[in-house]
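*Asks:* Take this sequence and fold it.
(one chain, ligands or ions: 1)
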Amino acid sequence: MNSDDPDWWRGAAIYQVYPRSFADGNGDGMGDLAGVRSRLPYLAALGVDAVWFTPWYPSPMADGGYDVADYRGVDPRFGDLAEAEGLIEDALAVGIRTIIDVVPNHISDQHEWFRSALAAGPGSPERDRFWFRDGRGPGGEQAPNGWVSEFGGPAWSRVTGPDGEPEQWYLHLFAPGQPDLNWHHPDVVTEHEEVLRFWFDRGAGGIRIDSAALLAKDPSLPDVTEPTAPGQHPYVDREELQEIYRAWRKVAESYGPDRVLIGELWLPDAERFARYLRPGVLHSAFNFDFMTAPWTAADLRPSISNTLELHDGVGAPATWVLSNHDVTRPVTRYGRTETGFAFERKRFGVPTDPALGRRRARAAALLAMALPGAYYLYQGEELGLPEADIPRDRIDDPMHARSGGVDPGRDGCRVPLPWSGAEPPYGFSPAGVETWLPQPPDWAALTVAAQEADPGSMLALYRAALALRARRPELGASGPDAAFAWTELGPDVIAFRRGARFVSVTNFGDAPVDLAAGDLAGWTALLASAPTEGGLLPADTTVWLTVH
Ligand code: NOJ
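*Replies:* As a prediction, this is how the structure comes out:
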């Protein structure tokens, strides 16, 4: 990547760091920014262009830091503001931009705004920054409406007044420790534009926008009794959001064309999704359709073609994502009978075939990295970490408790990274230190050190693929050399050309695909996710081919 390129984000490889679990610099069993700084050479060697950090702000950690108590600080567990500034600078010095996570839908119940709203009482201007309402029923003992939290259970909690009596209710689309902000309030609007400036002033290259489709609410807070027309839901994907993000875009552009806004938009309707990527709104958004699709050509091919079509229509680059800190790790998911991802299907003890899952995850990575647009990878994906089983009494994620203990929660993909050694803490923390989430006892072969010594490892594959992706003009960025065109090799194969000299072929079927047949005769392999023998591409394998 050319570090001066204002379009860097169009084809970037962006690595997601979950700071709590990346590397522990102070030996307390929890990751921190000093740990990340010490591992920047690892990220540079991996070949990523930017790092997106999940929230590092001061937080009671009711939802892993997505409950922000102060948007302008760093949680003491992770370091301090000077450490964050140093990290952004050090990363830039090795060619890596920083993307900050901004959480505009809600704040922590420990944020000064919410504390003063509680103290100020019903009807106060301080409460207007949130959604406080009286309860229904004679004593106000029923929630103001029937909205359900994204984590399960009611989306309302009742507060207690200074006299110890139950008082008003407040809205929280997530955990009770995450009160929703009222985006009709001018303070909320102004504050967020200032927060964007605060981090852009400190060198941030981009902002990831949490829960980006949920901020705007219908102030009459109606119940949702039947399916709503696009844009008509009381709190999902409302029209007002377009104006909010147009204003954010102006803030970003005032720092230059290379500062970007990336939306976390879970919207099943592709047309509605694309509206956020029109010129003047957001630069980019995560491709959850691709991320959650089952491992079949019949599912992934339309996902790819629809993605490309809808992004082309608005002039935005596509993104390709296989995992993040909210979803089941790919090697575990792809080894199951049901290979698609859905939050509502998460259960304990779903069987998986680890060897099959690993093989498919390797093939998926090459497939995704060859597509036009940006590639997002989540820490540990490059090590092929499986979803870990966390003992119930160590589960921290509120999704587990709020589901009544049915959903294992998201901690299985948030386990501290294994760096070296034969047993926990695998170099994440000093020997003998207990990590905040337990690491499995059988991860010795998955450490960075073990994989660096093994040319057949997942890490070796990711390094080779990212290096090729950065070097070849057809991959990564879009442009005249990077045209995309499908190549037909049958219903179980996804094959496409990039430019005149590059082809990616993935075989989803059981029967090997003859690469010497058809118009690929004479092409040679650049990289494959599994050995190809005699010009045959085995099941669940991707190969990158070139013609000289
Ligand atoms: C999306 C984040 O990725 C997730 O981890 C979080 O729980 C919710 N937004 C609420 O902030």
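*Asks:* Quick one: name the residues of the stretch 301-450 of the chain near the ligand.
*Replies:* 325, 326 (C-beta under 6 Å from any ligand atom). No exception for glycine: its C-beta is placed from N, CA and C like everyone else's.
*Asks:* From the centre of this structure, point out the most distant residue.
*Replies:* Relative to the C-alpha centroid of the chain, counting by C-alpha atoms, centre = their mean, residue 138 is the outermost residue, at 43.8 Å.
*Asks:* phi, psi of residue 170?
*Replies:* The phi/psi pair for residue 170 (degrees, to the nearest 10) reads phi -130, psi 150.
*Asks:* I meant residue 495, not that one.
*Replies:* Torsion angles, degrees, to the nearest 10, at residue 495: phi -130, psi 140.
*Asks:* now swap in residue 445 and tell me
*Replies:* Residue torsions, per degrees, to the nearest 10, at residue 445 are phi -80, psi -10.
*Asks:* For burial, what's the neighbour tally of it?
*Replies:* 12 (other C-beta atoms under 10 Å).
*Asks:* And what about the closest residue in space to residue 55 that isn't next to it in sequence, helix, strand or coil?
*Replies:* Closest residue to residue 55 apart from its sequence neighbours, by C-beta to C-beta, 6 or more residues apart in numbering: residue 65 at 3.8 Å. Secondary structure assignment for residue 65 (DSSP: H, G, I helix; E, B strand; the rest coil): coil.
*Asks:* Could you do the one 5 residues further on as well?
*Replies:* Three-state secondary structure (criterion: three-state DSSP) places residue 70 in coil.
*Asks:* just residue 262 next, same as before
*Replies:* Under the three-state scheme (three-state DSSP), residue 262 adopts strand.
*Asks:* how close does it sit to residue 321?
*Replies:* 11 Å (C-beta to C-beta, to the nearest Å).
*Asks:* ditto for residue 269
*Replies:* Counting by C-beta to C-beta - residue 269 and residue 321 are separated by 18 Å.
*Asks:* Those two: which is more packed in?
*Replies:* Between residue 269 and residue 321, counted using other C-beta under 10 Å, the more crowded position is residue 321 (22 against 11).
*Asks:* For that one, list each beta-bridge partner.
*Replies:* On the basis of DSSP bridges, residue 321 is bridged to residue 376.
*Asks:* ok, it touching residue 291?
*Replies:* Yes - at 4.4 Å, residue 321 counts as touching residue 291 under the criterion of C-beta atoms under 8 Å.
*Asks:* any shared contact partners between these two?
*Replies:* Among the neighbours of residue 321, none is also in contact with residue 291 (C-beta atoms under 8 Å, 6 or more residues apart in numbering).
*Asks:* Let me know the pLDDT of the residue of the stretch 401-548 of the chain found nearest the ligand.
*Replies:* Closest contact between the stretch 401-548 of the chain and the ligand, by C-beta to the nearest ligand atom, is at residue 410 (6.9 Å). Looking at residue 410, its pLDDT reads 98.
*Asks:* now the one 10 residues further on
*Replies:* In this prediction, residue 420 carries a pLDDT score of 98.
*Asks:* same thing with residue 4?
*Replies:* At residue 4, the pLDDT value in this model is 81.
*Asks:* now residue 533
*Replies:* On pLDDT, residue 533 comes in at 85.
*Asks:* Let me know the distance separating it from residue 472.
*Replies:* Counting by C-beta to C-beta, the gap from residue 533 to residue 472 is 25 Å.
*Asks:* of these two, who's got more company?
*Replies:* More neighbours surround residue 472 than the other of residue 533 and residue 472, with 19 against 9 (other C-beta under 10 Å).
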